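**Q** The sequence and its predicted three-dimensional model are supplied below.
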Amino acid sequence: MRTAASFFSVLAMAMAMAVWAADYVGGQTDETTPQLRLIEPSSTIEANAPVHVYIRYSTDFRYCDDCVAPLPEGYGQVPQVAQQGHAHTYLQRIPDEGGFGDNTGPDSATAAFCALNESNPTTNIGPGYVEGDCPGVTVPGRYRMCAVLQTDAHVLRVMAHPRHFPSIDCRILEVVESTSQR
């Protein structure tokens, strides 16, 4: 009797989970979490100059530069469409003290932000890649640059599985004085 009760309890939980997954309010989840790789810039950029960004992404991902929700009212309001979205890039200054000490961390605000979509006239999309020019920064120093695949609503993609790596790639860059200012 106890075994039958346990069986039906497990069955009921499994059915409830299936209904919950089918009713996911965020839209369609990706079958596999799309991946991207930040190719350019490499390691050094000049201050006061646009930053050329080149990103490669999973070939099954549909880069949709004109599917973006209007801001600010559309932020987080459009459900995720499986394997579809666009990329944002962020430049964040790392303090001279090293950035991750007991009382220091990178600035919470970005020093430069860029959406590689229809709002950026330099955006060029090809099979498995996107590139474009993004605003630079004015202050030399160390920065963390990240590229992130977003949903059409400008939010991070929901991972297909908790153990998948999120759709993000980052690197550390040195911003140096512009050669025209030297």
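**A** The structure has been received and is ready for your questions. Residues are numbered from 1 along each chain as shown.
**Q** mind checking how far the residue at minimal distance from the centre of the chain is from residue 126?
**A** Nearest to the mean C-alpha position of the chain, counting by C-alpha atoms, centre = their mean, stands residue 148 at 1.6 Å. Distance, residue 148 to residue 126, by C-beta to C-beta, to the nearest Å: 19 Å. For glycine as for every other residue, the C-beta is placed from the backbone atoms N, C-alpha and C.
**Q** Next: residue 112.
**A** In terms of C-beta to C-beta, residue 112 sits 24 Å off from residue 126.
**Q** again with residue 50
**A** Distance, residue 50 to residue 126, by C-beta to C-beta: 20 Å.
**Q** Residue 118: what's it in contact with?
**A** When contacts are counted by C-beta atoms under 8 Å, 6 or more residues apart in numbering, residue 118 is found next to 65-66, 68.
**Q** residues touching the nearest residue to residue 57 once chain neighbours are set aside, list them.
**A** In space, and not counting its chain neighbours, residue 57 is closest to residue 36: 4.2 Å by C-beta to C-beta, 6 or more residues apart in numbering. Residue 36 sits next to 55-58, 87, 147-149, 167-169 when contact means C-beta under 8 Å, 6+ apart.
**Q** go on, residue 147?
**A** By C-beta under 8 Å, 6+ apart, the contact set of residue 147 is 36, 38, 53, 55, 87-89, 168-170.
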